[in-house]
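Peer 1: Give me the fold of what follows.
(2 chains)
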Amino acid sequence: MAIVARSSKFSRIMWPTVAWIVALIFFFPIFWMVFTSFKTDADAVKPEFLFSFKPTLENYFNMTENYDYWRFAANSVITSSFATILALVVGVPAAYAMAFNPSRHTKDILVWMLSTKMLPAAAVLYPMTFLTKNMLGIYDTHFLVIVVLCLINLPIVIWMLFTYFKEIPKEIIEAGKMDGVDTWGEIKDILIPLAWGGVASTALLCFIFCWNEAYWTVRLTTTEAATLSKLIEGNRAPEGLFFGRLSAVSTAAVGPIIVLGWFCQKQLVQGLTFGAVK
Amino acid sequence: MKSLLNSALGLTLGVAFASSASAQDLTIAIVNNGHMINMQKVAEAYTAETGVNLNWVSLEEGVLREQVTSDTATGGGQYDIINIGMQEAPIWGAAGWIEPLNFGAEYDVDDMLPAMRNGLSHEGTLYAAPFYGESSMVMYRKDLTDAAGVVVRDNDSWANIKGAAAAMHDPDNGVYGACLRGKPGWGDNMAFITTVVNSFGGAWFDAEMRPQLNSAAWNEAINFYVDLLGNYGPPGSEGNSFNEILALYNEGKCGMWIDATIAASFLEVDGVAYAQSPNAGNPVGANWLWAWAMAVPAGSPNADEAMKFIEWATSKEYIKAVADHPEFGWGSVPTGTRASTYAYPEFQAAAGFAAAEMAAIESAAPEATDLKPYVGVQFAAIPEFPEVGSAVAQEMAAALSGAKSVEDALAAAQDAADAIMKEAGYYE
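Peer 2: Numbering: from 1, shown residues only, chains lettered A, B, ... in the order given. Alright, predicted model coming up:
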C-alpha cells in the first residue's frame, strides 16, 4: 500500500513535469519565431543579442506596407474555409456509406484513397499547370485553390470520419430506419450529432492542413488567389535570409491558426481521442 | 444546410471568376531584394503617368525559376515580366524562353556597362535588361590594417591577404580577420569559392565539360579557403552568407570582407576602404560578375507593355527617379548597370565605393577562355550548373566545418558533379 502511495505521488509530479518539458520543446520554435519577429534583421543574426535587444515593430509595418498582408490573409481564410466545407460535404456521405453499408471493396477503396497521398506533388506539376491554365482557364483563382485543397485533404477527411462513424453502433442507425428516417435524416439527425466531436476535429485538422499547404498554393497562383504561404515564400531572399522579416511574416501567418487551435482544443482532444477507450 | 451549401457554392464560383486581368495590367515576378522593393514605390509614378497597373509577385529564387519554366512550357501568360540572373539570361534566350529586347534610341543601350550587356546577351542579342549589377571586391577596415601595420593592395596576393587577416584577427575583442561566405549554395559559398579557384588557375570543367574538382588547383584553393576562414573567420562561418556577414561587418566584427560590390552601399561602419579582388597568380576570374535583370517571358500577352516598362525601369530616367524620390536618394540608386550613373557628382559624393565598384565590374571576365572553356565567372552558364554547384557547395561546407577533410570533400564533390554531367549527356 505504501509503495502504491509513493508511486502515485511520484507519478503526480513526474508525468506533469515530463508533459511540461515536452510541451516546452514543441513550443520553443514558435516562441523563438515570435521573439525574432521583434528584432531587426541585423539583430536577428547576432548571438550576443539573443535576449537583450530593442524590440521593434518594423518588420510588421514592412509586412503590411510593402507586402499587402491582408490580401494574402483574406485569401487564406476564403480558400481554407471553403475547401474544408467542400471536403466535409463530400466526405461525410462517403464515410457514412463506407461505415454503414460496406461492400467487399470498401477496404480496397479506403487504401486506394490513402495511396493518392503517396504521389509526389512535383510529378503532376506540369499537367496541373497545363490543365488549369491552358484548358480550363482557372489558374490563379480561388475556385482552383479550393478544389485542389479539398482534393488533397479528402482522403484524410474520409479516413478520419470513417473511423469515428465506425464507433457508432449500427443499431442506432437501423432504429432510425425503422422509424422511417431517410438517408439524409440519418446523417443529419443521428450520425452528425452523435459523432460531432469527430466531425469538428476533422474539420479543424482539414482547415489547418489547408492553411499550411504550400506546394500548390505557391505554384498555382500569381496574384489573385495567392495565400499566406506565398507571402512567406516571397520573403526568402536570394542573398541569405532576412530572419527578422521572415519571422514576422511567419508569425502573422501561423497566428490565426494557433488562436483557432487554442479555442478549439477541447473539441480537438475530444475528437482525436474519440473511441480510444472502450 | 441547403442554404449554407448554396451560399458556399455561389461565393466560391463568384470569387473564382472575379479574377480577370485587364489589358493594362502587368504581372511582374520579382526576387526579394532591396532594389526591387524600392522599385515598387518608385513605379507608382509610372502607373500614374501611363495608367498601367503593376502587380508585383515576390518569389524565392528557386520557386521563381520553377514557375517560369513550367509557365513557359505551357505556353506562358502567367507573368509579363520576370527577374532573372546572369546565369539564366543567355541560356533562356538561346532556348527561346524569353523575348529579345528592342529599345528606342533614347534608352541609350550603349550606356549599359559592356560586361553587363554581354553577360545578358546571347549571340549579340540582349535578352534581359539589368536593374542592378555587381562584381566582388575587398572591403576592409583601414583603421584596423593601419593599427596592425599591414597594407591591403588592389589585386593583392592571397598570401598577403591572409597575413593581413592574421594581423587584424583579435577574437578576444570580437574582431575576426576575414569574414567570407561559408553557407552552402551555388550562389552562396560557391560564388566566392569559385573566384578563389579561378585565381589559383582552376576551373569547373575542362573542354569536354568534365568536372575538374580533383585537380591540383582546386585542392590548393580549397585548402587555402578552409585555412583562411577556419583560422581567421568568425565561428560558425559555414552558416554565413551575404546578409549574415553584412550584420557582422556593421557590428565592427570583421577586419575584411570579400563579397559583392553592392554590399558597400549597405556598410555603416567608419574607416572602410576598398581594394580589387586578390589572386594567386591568375587575376582572370578572381572577381565575379552578376546582374539581376528583367526579361519578358515568351508567351506574355502583354509583351509590348512589358517591354515599355522594362525600358523605363532600367533607364537613366529611372535612376534619376530613385535619386529624387523623397524616401531614397543617391545612396540608394541601383548601381552596376550604366556608365552614366557613375558620372553624376552627387552619386560619387554619396557612394565612396563607386570607383572601386566600376573598376571591379570592368575587369570581370565572363568570356570563355582556354583555361575556363565556358561562359561565366563564378558559375558556368549551363542549365546543369545550379545542380552541380549545390552538390559541391554541401561538400565545401562540410570541409569548412571539419566534418570532412578537404581531400574527401573534393573527391565526393567530383563524384557528384561527374554523375550529374554524365546524366545530362555531356559525355559517357
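
Peer 1: I'd like to know how many residues surround the closest residue to chain A within the stretch 101-250 of chain B.
Peer 2: Residue nearest to chain A within the stretch 101-250 of chain B: residue B:243 (3.4 Å; C-beta to the nearest C-beta). Heads up, the C-betas are built off the backbone N, CA and C, glycines and all. Neighbours of residue B:243 under the rule other C-beta atoms under 10 Å in any protein chain shown: 21.

Peer 1: Also residue B:224?
Peer 2: When neighbours are defined as other C-beta under 10 Å, residue B:224 has 20 of them.

Peer 1: Which positions within the longest helix along chain A qualify as buried?
Peer 2: Criterion DSSP state H: the longest helix present in chain A is helix A:2-37. By 16 or more other C-beta atoms under 10 Å in any protein chain shown, the buried positions in helix A:2-37 come out as A:33-37.

Peer 1: quick revisit: ok, now how distant is the residue of the stretch 101-250 of chain B closest to chain A from residue B:138?
Peer 2: Going from residue B:243 to residue B:138 by C-beta to C-beta, to the nearest Å gives 19 Å.

Peer 1: Wait, residue A:98 touches residue A:164, no?
Peer 2: No. Counting by C-beta atoms under 8 Å, residue A:98 does not reach residue A:164; the two are 12.0 Å apart.

Peer 1: Could you name every residue contacting both of these two?
Peer 2: Common contacts of residue A:98 and residue A:164 (C-beta atoms under 8 Å, 6 or more residues apart in numbering or on different chains): none found.

Peer 1: which secondary structure elements does the lowest-mean-pLDDT helix or strand in chain A contact?
Peer 2: Within chain A, no helix or strand scores below helix A:265-272, which has a mean of 74 by mean pLDDT, DSSP states H and E. When contacts are defined as 3 or more C-beta pairs under 8 Å, 6 or more residues apart in numbering or on different chains; DSSP states H and E, helix A:265-272 packs onto helix A:196-212.

Peer 1: Contacts for the helix it packs on next, please.
Peer 2: A:76, A:79-81, A:83-84, A:87-88, A:91-92, A:149, A:152-153, A:156-157, A:160-161, A:163-165, A:167, A:192, A:228-229, A:256-257, A:260-261, A:264, A:267-268, A:270-272, A:274.

Peer 1: May I have the predicted confidence score for the residue nearest in space to the middle of chain A?
Peer 2: The residue lying closest to the centre of chain A (C-alpha atoms, centre = their mean) is residue A:208, at 1.8 Å. Looking at residue A:208, its pLDDT is 92.

Peer 1: which residues does the closest residue to residue B:168 other than its chain neighbours contact?
Peer 2: In space, residue B:168 comes closest to residue B:255 once its chain neighbours are excluded; the distance is 3.2 Å by C-beta to C-beta, 6 or more residues apart in numbering or on different chains. Contact partners of residue B:255, counting by C-beta under 8 Å, 6+ apart, are B:140-141, B:144-145, B:164-165, B:168-169, B:175-179, B:232.

Peer 1: Point out the residues in the stretch 251-400 of chain B that sit beside chain A.
Peer 2: B:251, B:260, B:292 (C-beta under 8 Å from any C-beta of the partner chain).

Peer 1: Which helix or which strand is home to the residue nearest to the second one when sequence neighbours are not counted?
Peer 2: Spatial nearest neighbour of residue B:260, chain neighbours left out: residue B:134 (4.5 Å); criterion: C-beta to C-beta, 6+ apart. Using DSSP states H and E, residue B:134 maps to strand B:129-141.

Peer 1: what's the answer for residue B:190, then?
Peer 2: Residue B:190 is part of helix B:189-199, with elements assigned from DSSP H and E.

Peer 1: Tell me how many other residues surround the residue in the stretch 51-200 of chain A that chain B sits nearest to.
Peer 2: Proximity of the stretch 51-200 of chain A to chain B (C-beta to the nearest C-beta) peaks at residue A:143, 2.8 Å away. As a burial measure, residue A:143 scores 21 neighbours (other C-beta under 10 Å).
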